[in-house]
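Trainee: Predicted model, plus sequence, below.
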Amino acid sequence: MTVSVDFLPAAYREGQQRVRRRRERTWLAVLVLVGVGATEALFRHREFGIRQMVENAERHASAAEGRARAVVADEQRLVDLAATLRLWTAPLAAARVPEVVGALLGERTEGVRFAELECRVDPWLGEPKPWLRVHATCTNLDELSRYLAVVQAQGQVPRLRCRQAQAAEEQDGVSYLLETEEGAR
Amino acid sequence: MIGGFRFGALLVGGVLLYFGVVARSHWREIERLQESVSACYARSTGAEQKAAQLAHVHGDVERLEGWLAELEELLTPRDDTAPLLLRTSARLRELGLEAEHAETLAPTPRPPFVSESVRLSVSGSLVDLLALLRSIEDEQPPSRVTSLRVKPAAQPGLVSAELAVARFWRRGS
């Protein structure tokens, strides 16, 4: 018959258990602290990486915005230059009297005879069309209509209206007065 | 010495406190930074689209500046430019037209231009008159016939004309 006798005092065993528990808890606490520390390090690393990305993106955006501002400045310069160009060329864009008179005379048909021709242009008024008054005679009104149709088909001559038409005094035919139509200038 | 349950609760509490306060602030900061990156990319994209026109717009500016320089030269009188009345009278004689009357008109302000005007009464052939009108308008600085009245002259085959001519150039040139 075997009898096991515990010679160690209970206090000793309790002390041993306390030491073991303390060691386990210490390890557990260290593990938790390491885990938390690693998590913190990961967070900080991630934050650092994204901060770098933000700085790069900010630099890139600033550079692009600088170029965009240069485009806006150029566009404004373009508007100013175009306005100056329009201002300087406005008198040059007005109708040219030699061309208008040339068009009127060049398309003249056999029976059309001019008694007086008046043409005025004001290059500074911003009205590209000239003002015209034509005194002429022709053999009949059909001829006048044909002449007007041909003349006005050209861009240089504004729309004309017949203000007066009457029998010519000196010869057979019709004497007429043509003038620039209101609103045709 | 604290008990096993309390020790576990302390650890779990500590971990929860960390994740609830510190880690959460990290998450928020990371989210904020990611939003900043997105905002920067959005700004870049918009700005890049505008900046892509830089070469094109700059080319247009240079072209317009070139045209203005050319125009400025055309709108500038040369040092040897004769007064309009003398110049036109000389041209009349060259073309065989007869000047019945010629006068310089009072200057009219035409901002941004300075102008000089003359009125003439001439007689001669219609062909010569048209040649005169064309030659006047080919002058530099630019000249324009602003008024013309033509009627047959007493002599057959000839016309008499009254015309006004204006010459203008850029103020300050």
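Mentor: Sure, I can see it.

Trainee: What separation do you get for the most centrally placed residue in chain A and A:Ala83?
Mentor: Using CA atoms, centre = their mean, the residue of chain A that lies closest to the mean C-alpha position is A:Glu75, 8.6 Å off. Distance of A:Glu75 to A:Ala83, given as CB to CB, to the nearest Å: 13 Å. To be clear about C-beta, it is placed using only N, CA and C from the backbone, and glycine gets the same treatment.

Trainee: Okay, now the unreliable bits of the chain?
Mentor: You didn't say which chain, so I picked chain A. Across chain A, the ranges flagged by pLDDT under 70 are A:126-128, A:168-172, A:182-185.

Trainee: actually it's chain B I care about, not the one you picked
Mentor: For chain B (pLDDT under 70), the answer is B:1-2, B:172-173.

Trainee: Can you show me the strands along the chain?
Mentor: You didn't say which chain, so I picked chain A. Here chain A has its strands, by DSSP state E, at A:113-120, A:131-138, A:160-167, A:174-180.

Trainee: Chain B is the one I meant
Mentor: Using DSSP E, the strands of chain B run over B:98-104, B:113-124, B:143-152, B:159-170.

Trainee: which outside residues touch stretch A:129-144?
Mentor: Applying CB atoms under 8 Å, 6 or more residues apart in numbering or on different chains, the set of residues contacting stretch A:129-144 from outside is A:94-95, A:97, A:100, A:104, A:109, A:111-121, A:147, A:157-158, A:160, A:162, A:165, A:168, A:171-180, A:184-185.

Trainee: Give the buried residues for it.
Mentor: Buried positions in stretch A:129-144, judged by neighbour count with 16 or more other CB atoms under 10 Å in any protein chain shown: A:129-139, A:143-144.

Trainee: Max pairwise distance over these: which two?
Mentor: Greatest spacing in the buried residues of stretch A:129-144, by CB to CB: A:Lys129 and A:Thr139 (29.3 Å).

Trainee: What sits closest to A:Ala95 if chain neighbours are left out?
Mentor: Leaving aside its sequence neighbours, A:Ala95 sits nearest to A:Pro130 (CB to CB, 6 or more residues apart in numbering or on different chains; 4.4 Å).

Trainee: for that neighbour, phi and psi?
Mentor: phi -90, psi 170 (degrees, to the nearest 10).

Trainee: And A:Gln156, by the same measure?
Mentor: phi -70, psi -30.

Trainee: Repeat that for A:Ala153.
Mentor: In terms of degrees, to the nearest 10, the main-chain angles of A:Ala153 are phi -70, psi -20.

Trainee: and it, how many neighbours?
Mentor: Neighbourhood size, A:Ala153 [other CB atoms under 10 Å in any protein chain shown]: 10.

Trainee: Leaving out the residues flanking it, which one is nearest to B:Cys40?
Mentor: The nearest residue in space to B:Cys40 (CB to CB, 6+ apart) is A:Ala57, at 3.4 Å.

Trainee: In this structure A:Val150 contacts A:Arg108, no?
Mentor: No: A:Val150 is beyond contact range of A:Arg108, at 9.4 Å (criterion: CB atoms under 8 Å).

Trainee: quick revisit: in TSV: the strands of chain B, plus mean neighbour count and distance to A:Thr89.
Mentor: Below are the strands of chain B laid out as TSV (neighbours: other CB atoms under 10 Å in any protein chain shown; distance: least, CB to CB, whole Å):
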stretch	mean neighbour count	distance to A:Thr89
strand B:98-104	13	26
strand B:113-124	20	11
strand B:143-152	20	13
strand B:159-170	21	12
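
Trainee: so which of those comes closest to chain A?
Mentor: Proximity to chain A (CB to the nearest CB) singles out strand B:143-152 among those, at 4.1 Å.

Trainee: Do any residues in that closest one lie close to chain A?
Mentor: Yes: on the criterion CB under 8 Å from any CB of the partner chain, strand B:143-152 is in touch with chain A at B:Arg144, B:Val145, B:Thr146, B:Ser147, B:Leu148, B:Arg149, B:Val150, B:Lys151, B:Pro152.

Trainee: now the angle between strand A:131-138 and that strand, please.
Mentor: On the basis of axes from the mean of the first three to the mean of the last three CA atoms, to 10 degrees, strand B:143-152 is oriented at 20 degrees to strand A:131-138.
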